[in-house]
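*Asks:* got a structure for you, letters missing:
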């Protein structure tokens, strides 16, 4: 998908009132995964999220400022940051912002960024205390964004997205990550490449599974640890489960036999990291 915008790096802000503006159409198109895949770009909203991006060394390609942005000191600071980075800056009218921003809790500051993808961890060079998370065929972007946020909080080294896992750079996933999308290294691997990674992993490869015999709180975890979590509906595939040297289970007292994936992943991350987490 070609970028229809005229490059204006370092120019003064442009005021836009038309919904038919090419830059507006381009940013709106990033709602579609196809457009994000072709351009390698994504949209992030909100001053607090963009402040995290700035702290982590990211710079926007485009910064969109709504009518209320000028009255906010954080938004003005972001505009200065974007201008220094020679990003395109768009001052847009309220109707235009409404078309670009999320329908729920629209933000007055929006950034367009280049996606970043990390290389797969090298088992031979993996830090001895590292915890990596692998997610197989996760389909809910809200779950994925929440997991990225939790992995950041728990100090995971990165996340490997396996197979048909949904796009972490979708608007819903980015919003649910609350800025952690800018902090956590993300890796994409096809199924066979992931199985090869797991097969050469020097520490424990751990998965949650209904057939697991170990209570996740009683198991020991030998670092570097690779935690493997399956999809929301069917859990780990047979191949991924077979690649795990240790299968554990989270006990249930009620009638259900599973938890929400983001909740289950949070329990596992914090249990594995428990010896190293301090207030």
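*Replies:* All right, it came through fine. It should be emphasised that the depicted structure is a prediction, and the values quoted were computed from it without experimental measurement. Numbering: from 1, shown residues only.
*Asks:* Domain ranges for this protein, per the record?
*Replies:* According to automatic domain parsing, the chain comprises the domains 14-114, 131-276.
*Asks:* Which one of these lies nearest to residue 120?
*Replies:* domain 131-276 (5.1 Å; Cβ to Cβ). To be clear about C-beta, it is placed using only N, CA and C from the backbone, and glycine gets the same treatment.
*Asks:* pLDDT weak spots in the chain?
*Replies:* 1-12 (pLDDT under 70).
*Asks:* circling back to that earlier point, could you work out which of the domains of the chain reaches nearest to residue 121?
*Replies:* Taking the domains of the chain one by one with Cβ to Cβ, domain 131-276 is closest: 5.7 Å.
*Asks:* Which parts of the stretch 101-250 of the chain are strands?
*Replies:* For the stretch 101-250 of the chain, the strands defined by DSSP state E, counting those that start in this stretch cover 109-114, 131-136, 158-162, 186-189, 205-208, 214-215, 225-229, 246-249.
*Asks:* Spatially nearest residue to residue 198, not counting backbone neighbours?
*Replies:* residue 243 (4.1 Å; Cβ to Cβ, 6 or more residues apart in numbering).
*Asks:* ugh, typo on my part, it should be residue 216
*Replies:* Per Cβ to Cβ, 6+ apart, closest to residue 216 is residue 248, 4.2 Å.
*Asks:* Now do the same contact list for the one you found.
*Replies:* 206-209, 212, 214-216, 219, 268 (Cβ atoms under 8 Å, 6 or more residues apart in numbering).
*Asks:* Nearest spatial neighbour of the residue sitting nearest the centre point of the chain, chain-adjacent residues omitted?
*Replies:* Against the mean C-alpha coordinate of the chain, by Cα atoms, centre = their mean, the closest residue is residue 181 at 3.9 Å. In space, and not counting its chain neighbours, residue 181 is closest to residue 174: 5.2 Å by Cβ to Cβ, 6+ apart.
*Asks:* so who does the residue nearest to residue 45 when sequence neighbours are not counted touch?
*Replies:* Distance criterion Cβ to Cβ, 6+ apart; nearest residue to residue 45, sequence neighbours excluded, is residue 107 at 4.1 Å. Counting by Cβ under 8 Å, 6+ apart, residue 107 makes contact with 45-47, 66, 101.
*Asks:* Of the residues you listed, which is the nearest to residue 18?
*Replies:* residue 66 (15.3 Å).
*Asks:* Can you report how many residues neighbour that closest one?
*Replies:* 23 (other Cβ atoms under 10 Å).
*Asks:* Please produce a ChimeraX select command covering the buried subset of the contacts of residue 107.
*Replies:* Buried members of these, defined by 16 or more other Cβ atoms under 10 Å, are picked up in ChimeraX with:
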select :45,46,47,66,101
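*Asks:* Secondary structure added to the contacts of residue 107, as JSON lines?
*Replies:* Below are the contacts of residue 107 laid out as JSON lines (DSSP: H, G, I helix; E, B strand; the rest coil):
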{"residue": "45", "secondary structure": "strand"}
{"residue": "46", "secondary structure": "coil"}
{"residue": "47", "secondary structure": "helix"}
{"residue": "66", "secondary structure": "coil"}
{"residue": "101", "secondary structure": "coil"}
